[in-house]
Each structure stands twice: as C-alpha cells, then as structure tokens.
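In: Please work out how this folds:
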Amino acid sequence: MDKKNVKPTTCPLCGRTYTGAPAVSRTDNTTLICPDCGTRQALADMGVDAEEQERILDIIHRCRPQ
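Out: Got it, this is the predicted structure:
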C-alpha cells in the first residue's frame, strides 16, 4: 500500500485517528471503525471481559511489525 495515499480516519466509537484498514462494526454491519474497536467487539462477542481485551490488544500492538 502506498503510504502517501493513506488518509487518516477518526473512529466513531473511540475517537482515535487511525490509518489502517477499518473494521465493520458488529452492531450495525455498516459503520467503519478502527481495528482496535473491531477487535474489542469480536472479543466481547466471545465473552472476553474488558480487562482481558486490553491485554490482548497490548500483545497485538507489541507484536505488530512497524
């Protein structure tokens, strides 16, 4: 992906600005949200509590190539 053509987008759920591919919200199947909120929604649907969700996201962020 050509980084100079990437447009920053603000997530309507958390307000964070992101530049990666969006996720589709599970609440309405149309709203584009940031990847982290998409991961949180998926984990919540599996019954993972909020504290564990944040631990998982921390691991994802640490392991993601820069």
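In: I'd assumed Y18 was in contact with V6.
Out: No. Between V6 and Y18 there is no contact under CB atoms under 8 Å: 9.9 Å. The way it works is simple: take the backbone N, C-alpha and C, and place the C-beta from them, glycine included.
In: More neighbours: which of these two?
Out: Y18 (18 against 12; other CB atoms under 10 Å).
In: Mind listing the residues bridging to that one?
Out: With DSSP bridges as the criterion, the beta-bridge partners of Y18 are T9.
In: Go ahead and confirm it touches G38.
Out: No. Using CB under 8 Å as the test, Y18 is too far from G38 to be in contact (10.5 Å).
In: what about the nearest residue to R16 once chain neighbours are set aside, distance to E51?
Out: Among residues not flanking R16 along the chain, C34 sits closest, at 5.7 Å (CB to CB, 6 or more residues apart in numbering). In this view, C34 and E51 are 20 Å apart by CB to CB, to the nearest Å.
In: can you check K7 too?
Out: According to CB to CB, K7 stands 33 Å off from E51.
In: More neighbours: which of those two?
Out: The neighbour count for K7 versus E51, taken as other CB under 10 Å, is higher for E51 (8 against 5).
In: for the more buried one, helix, strand, or coil?
Out: Three-state assignment for E51 (DSSP: H, G, I helix; E, B strand; the rest coil): helix.
In: Next: the one 5 residues further on.
Out: When states are read from three-state DSSP, the local structure at I56 comes out as helix.
In: Give me the spatial nearest neighbour of S25, chain neighbours excluded.
Out: T31 is the one closest to S25 (CB to CB, 6+ apart), at 4.1 Å.
In: So P22 sits against C34, correct?
Out: Yes. P22 is within contact range of C34, at 6.7 Å (criterion: CB under 8 Å).
In: All good on my end, thank you.
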